[in-house]
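[1] The following block contains a protein sequence and its predicted model.
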Amino acid sequence: MENKVILITGANSGIGKATATALAEMGAHVVMMSRDMDRGEEARQEVISVSRNNQVDLMQCDLASLTDIRRFSCEFIAKYSRLDVLINNAGIYTDKRMETADGFEYQIGVNHLGPFLLTRLLIDLLKKSSPSRIINVASAAHFGGKMDFDDVQSHKKYSGWKAYAQAKLANILFTYELAHRLAGTGVTANCLHPGFVNSNFAVNRSTGKANLMMKLMKPFTIEPAEGAETSIYLAASPEVEGITGKYFAKRKEKASSKASYDLVTAEKLWNISEALTAK
Ligand SMILES: NC(=O)c1ccc[n+]([C@@H]2O[C@H](COP(=O)([O-])OP(=O)(O)OC[C@H]3O[C@@H](n4cnc5c(N)ncnc54)[C@H](OP(=O)(O)O)[C@@H]3O)[C@@H](O)[C@H]2O)c1
């Protein structure tokens with residue numbers, strides 16, 4: 001992976017940090033995105049120390065703010081002349097309905113709309129660096145998801161898991177539509193389920209039922225290094241060169257939910273996401 005520039009969002013914790021470590025060990029120039037510079041710097045030092053690769057950078061961005069994503073993208077494009085792999089890994093679960101800086105329900109905002117805008121702002125750089133790869137970390141939770149276009153921001157009724165499952169379904173619909181729109185450019189787009197991973201997910205910055213459930217389920221989880229394996233495979237393996245528009249788990253191509261293959265829904269989601277992130 002030498003001379004490859006890889007951007008990983010949410011790289012200060014869990015699966016993102018494990019992915020950053022493994023790709024840095026392979027010699028890649030890793031750019032870790034974190035919303036918090038203190039947590040990010042601590043993780044960057046750990047990644048450098050474990051990987052023995054000094055080419056590990058840290059950049060700040062809060063995916064809950066479209067302004068911040070635009071600022072970040074401008075800075076990234078000014079700093080790096082190429083982008084070989086973009087890993088949209090950051091994600092969050094919240095029991096309570098919260099809103100992003102732009103007034104989006106937090107989970108659709110951070111888990112889908114933020115990465116949607118980020119990817120589109122970096123697409124020219126990815127095309128310039130082709131063959132290049134986009135990897136979206138989705139979840140098997142999408143199997144329970146439904147795009148509720150009448151109330152996509154959960155204004156009328158909020159359920160944390162419903163909002164999470166919808167956002168993760170959006171990750172997959174976005175991946176498939178993106179792959180379709182990028183055909184012939186040399187940029188591939190794939191998504192994945194990492195497994196049930198012992199990370200900070202729904203633990204550190206969440207309260208209530210989800211926090212308790214994650215703690216109870218801990219004995220059944222896999223460690224972040226194992227959870228990162230499919231992201232690493234999609235980022236680095238020659239086996240997936242040219243493969244696009246697919247869903248993976250345990251480094252194998254798998255079928256995603258029936259709803260995720262609905263082309264009309266995918267196009268509708270794209271148009272809504274474009275309009276919402278244009279503000
Ligand atoms: N853990 C699982 O069992 C599991 C299963 C299926 C899918 N996933 C998916 O895997 C991905 C990684 O999760 P993880 O398990 O590694 O959880 P994690 O340890 O909580 O890591 C999530 C990362 O996302 C970052 N993040 C959250 N909100 C953000 C925002 N507004 N802007 C920028 N970054 C933000 C977090 O930053 P902070 O540290 O500042 O909060 C953290 O770096 C997520 O997309 C998640 O949906 C996880």
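    Received the coordinates, thanks.
[2] which intervals of this protein have sub-threshold pLDDT?
    Within the chain, the segments meeting pLDDT under 70 span 204-208.
[3] Could you pull out the helices in it for me?
    Counting by DSSP state H, the chain has these helices, from start to end: 14-25, 37-51, 66-79, 106-108, 114-128, 160-181, 208-217, 224-227, 229-236, 263-276.
[4] most neighbours per residue, which of these?
    Per residue and on average, the most neighbours among these fall to helix 14-25, with a mean of 26 (mean count of other C-beta atoms under 10 Å). Using the backbone N, CA and C atoms, a C-beta is placed for each residue, glycine as well.
[5] which outside residues touch that helix?
    Counting by C-beta atoms under 8 Å, 6 or more residues apart in numbering, helix 14-25 makes contact with 1, 6, 8-11, 30, 32, 43, 46-48, 50-53, 55-56, 85, 87, 89-90, 137, 194, 197, 199-201, 223-225, 227-228, 231-232, 235-236, all of which sit outside it.
[6] Let's see that with 7 Å instead.
    1, 6, 8-11, 30, 32, 43, 47, 50-51, 53, 56, 87, 89-90, 137, 194, 197, 199-201, 224-225, 227-228, 231-232, 235-236 (C-beta atoms under 7 Å, 6 or more residues apart in numbering).
[7] thinking again about what came up before, distance to A255 for the helices of the chain - can I get that in a markdown table?
    As requested, these are arranged in a markdown table below (distance: least, C-beta to C-beta, whole Å):
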| stretch | distance to A255 |
| --- | --- |
| helix 14-25 | 22 |
| helix 37-51 | 34 |
| helix 66-79 | 31 |
| helix 106-108 | 24 |
| helix 114-128 | 23 |
| helix 160-181 | 11 |
| helix 208-217 | 25 |
| helix 224-227 | 21 |
| helix 229-236 | 15 |
| helix 263-276 | 16 |
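[8] Of those, which is nearest the ligand?
    Set against the ligand and scored by C-beta to the nearest ligand atom, the helices of the chain come closest in helix 14-25, at 2.4 Å.
[9] Report the angle between the closest one and helix 229-236.
    Using axes from the mean of the first three to the mean of the last three C-alpha atoms, to 10 degrees, one finds that helix 14-25 and helix 229-236 are set 40 degrees apart in direction.
[10] Relative to M1, how far out is P238?
    In this view, P238 and M1 are 11 Å apart by C-beta to C-beta, to the nearest Å.
[11] who has more neighbours, those two?
    M1 (20 against 6; other C-beta atoms under 10 Å).
[12] my guess is the more buried one meets H29, correct?
    No - proximity of M1 to H29 does not meet the contact threshold set by C-beta atoms under 7 Å, at 8.5 Å.
[13] okay, now T185: neighbour count?
    The burial count assigned to T185 is 14, neighbours taken as other C-beta under 10 Å.
[14] dump the residue contacts of it.
    Applying C-beta under 7 Å, 6+ apart, we find T185 in contact with 127, 130.
[15] swap the cut-off to 10 Å and go again
    Remark: with contacts taken as C-beta atoms under 10 Å, 6 or more residues apart in numbering, T185 is in contact with 123, 126-127, 130-132, 244.
[16] just to revisit the earlier point, what would the helices of the chain look like in TSV with distance to the ligand?
    Rendered in TSV, the data for the helices of the chain read as follows (distance: least, C-beta to the nearest ligand atom, whole Å):
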stretch	distance to the ligand
helix 14-25	2
helix 37-51	5
helix 66-79	8
helix 106-108	8
helix 114-128	7
helix 160-181	6
helix 208-217	8
helix 224-227	6
helix 229-236	9
helix 263-276	16
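[17] what's the closest of the ones you listed to G144?
    For the helices of the chain, proximity to G144 was assessed by C-beta to C-beta; helix 160-181 is nearest, at 4.5 Å.
[18] and the angle for that closest one with helix 208-217?
    For helix 160-181 against helix 208-217, the angle by the same axes, to 10 degrees is 80 degrees.
[19] quick one: helix 160-181 to chain centroid distance?
    Between the centre of helix 160-181 and the centre of its chain there are 11 Å (C-alpha atoms, centre = their mean, to the nearest Å).
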